[in-house]
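>>> how would this look folded up:
(one chain, ligands or ions: 2)
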Amino acid sequence: MSVVTTLTRMWLTKSFKPFTFKNEYDEKLPYEECESLGLYIHIPFCMSICNFCPYCKVLYSKELCDEYIDALIKEIHITGSSSGEKKQVTSLYFGGGTPVLAGNRLSEIIETVNKYFIITEGIGIELHPENVTYETLSMLQKAGITKISIGIQSFSSKYQNILGRNAVNIDELKTALSKVHFETVSMDFIFALPNQSFEDLKDDVDKAFYAGANHIAIYPFIDFTYTKSSVEAMSKNEKRKLLDDITAYFFEKGYVRNSIWTFADSKNTGYSSMTRDNFLGFGCSATTLLKNQFKINTFDIKSYCSRINENKLPTSLTIRFTKRQRMIYWLFWTAYSTKVNADDFKKFFGVSIEKMYGFELWLAKVFGFIVKKDNIYEMTLKGAFYYHYYENFYTLSYIDKMWGIMKDNPFPKEIKL
Ligand SMILES: C[S@@+](CC[C@H](N)C(=O)[O-])C[C@H]1O[C@@H](n2cnc3c(N)ncnc32)[C@H](O)[C@@H]1O
Ligand code: SF4
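Numbering: from 1, shown residues only. Ligands and ions are numbered 1, 2, ... in the order given. Down below sits the predicted model:
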């Protein structure tokens with residue numbers, strides 16, 4: 001598995017050097033120099049734990065949650081106050097876990113963020129279906145939330161049972177959503193579940209349209225080695241057919257593809273905490289990507305709070321990029337949107353993409369993975385599938401390995417990938 005990602009990394013970075021993450025960090029993060037900066041806040045509490053879920057989360061307790069939010073607010077102060085002036089950022093996303101479990105403190109968190117940052121494209125939050133009530137949605141709207149993303153996973157009882165999720169009442173969902181307006185109402189599904197057919201998936205998508213979604217994410221099921229899920233992964237060919245068929249169905253319904261796994265009713269409807277050039281992450285397990293570095297906060301809640309209480313950042317690991325490594329990161333995450341704008345690459349790196357990756361782009365065109373329109377490289381259906389396929393390798397060789405280590409060790413000495 002990791003042979004594929006290792007060879008790709010060596011080829012594209014033109015070096016044998018692995019990605020090395022070290023247990024050291026900057027006390028003052030150099031984010032002022034970054035254009036197109038996004039913000040992410042992680043809230044790691046859930047009412048029950050799903051056995052397929054790889055994210056950093058623990059069972060909710062009010063006491064621990066309050067202690068954590070106090071530390072989180074302090075982390076925002078530490079980083080925000082290191083800059084002389086307010087920094088313009090694109091968006092703020094709350095993820096988890098189930099961030100609404102800290103709902104009574106959301107306004108306080110957002111006010112703290114607003115002290116140091118100017119958010120220009122709205123605030124998003126992930127919700128569990130049980131959070132979708134008129135009262136909670138109104139509270140979110142009042143706090144300034146403009147986009148919501150609901151983790152449905154599946155509306156079918158067969159797959160809810162396999163995933164260990166409760167039934168979702170679609171009519172109650174629809175009624176609550178119709179009463180409170182949000183610019184983006186996204187719904188998450190997990191697909192490529194055992195024996196799942198196109199009809200099964202189409203039924204989920206139709207129900208999402210009916211309930212009021214204008215943005216839909218379909219994530220292929222990933223079997224992380226450290227989770228306890230017994231769900232079997234689907235074969236490559238079956239998965240490809242399912243992905244191609246559902247993509248065609250979205251297009252038939254007038255939807256646009258705005259990333260490998262997301263579809264929206266218009267190109268202006270978005271929900272993505274990933275497709276940004278740079279981002280600052282707050283909270284345990286949150287990642288930060290800046291011009292020359294990528295860093296990850298500790299996954300351990302108690303260690304997170306103690307570091308913050310010593311007035312130190314809760315960074316567990318940092319990688320300082322070579323130029324080629326940064327290019328790979330940039331390309332990987334930009335390609336996730338299915339488009340790579342050659343002008344944006346030039347603006348970010350000061351050199352043309354054709355000069356750095358002319359041969360690879362030519363090869364991708366010959367294989368039918370991309371087409372070039374104006375100055376933009378766009379993925380074809382085939383290209384999107386292979387990106388998705390490669391992403392699976394990446395997730396299992398890099399993210400699975402790293403998160404697997406970090407969930408047991410708050411501050412590992414070094415990780416080489
Ligand atoms: C933090 S959760 C969403 C919010 C909320 N906690 C919930 O469960 O409804 C983020 C999303 O990641 C996706 N996800 C979680 N585990 C996954 C896995 N093993 N494979 C693929 N997608 C997964 C799910 O679609 C999930 O909605
Ligand atoms: S899928 Fe959502 S509710 Fe389930 S454990 Fe993960 S974050 Fe919590």
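>>> Please report the distance of the residue lying farthest from the centre of the chain from ligand 1.
In the chain, counting by CA atoms, centre = their mean, Val366 sits farthest out from the average C-alpha position, at 30.7 Å. According to CB to the nearest ligand atom, to the nearest Å, Val366 stands 32 Å off from ligand 1. Every residue, glycine included, has its C-beta placed from N, CA and C.
>>> residues contacting Lys158?
By CB atoms under 8 Å, 6 or more residues apart in numbering, Lys158 lies in contact with Asp200.
>>> before we move on, which element is it in?
helix 157-163 (DSSP states H and E).
>>> Ok, Phe279 next?
Assigned by DSSP H and E, Phe279 belongs to strand 278-282.
>>> That strand - contacts with which helices or strands?
Packing partners of strand 278-282 (3 or more CB pairs under 8 Å, 6 or more residues apart in numbering; DSSP states H and E): strand 37-43, helix 62-80, strand 287-289.
>>> Of these, which stretch is the most buried?
Greatest average neighbour count among the helices and strands packed on strand 278-282 goes to strand 37-43 (a mean of 25), per mean count of other CB atoms under 10 Å.
>>> Contacts for it next, please.
31, 56, 68-69, 72, 87-99, 101-102, 109, 113, 117, 119, 273, 276-287, 297.
>>> Buried subset of these as a PyMOL selection?
A single PyMOL command is used to select the members of the contacts of strand 37-43 judged buried by 16 or more other CB atoms under 10 Å:
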select buried, resi 31+56+68+69+72+87+89+90+91+92+93+94+95+96+97+98+99+101+102+109+113+117+119+273+276+277+278+279+280+281+282+283+284+285+286+297
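>>> and the contacts of strand 37-43 near ligand 1, which?
Contacts with ligand 1 within the contacts of strand 37-43, as defined by CB under 6 Å from any ligand atom: 95-96, 98.
>>> can you tell me the average pLDDT over the helix or strand following the helix holding Lys158?
Per DSSP H and E, helix 157-163 leads on to helix 170-179 as the next helix or strand towards the C-terminus. Average pLDDT, helix 170-179: 98.
>>> CA atoms of helix 170-179 as CSV?
Presented in CSV, the C-alpha positions along helix 170-179 are these (Å, rounded to 0.1, in the frame of the first residue of the first chain):
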residue,chain,number,x,y,z
ILE,A,170,-36.8,12.7,7.2
ASP,A,171,-40.0,14.7,7.6
GLU,A,172,-38.9,16.1,10.9
LEU,A,173,-35.6,17.0,9.3
LYS,A,174,-37.3,18.7,6.4
THR,A,175,-39.7,20.7,8.7
ALA,A,176,-36.8,22.0,10.9
LEU,A,177,-34.7,22.9,7.8
SER,A,178,-37.6,24.7,6.1
LYS,A,179,-38.0,27.0,9.1
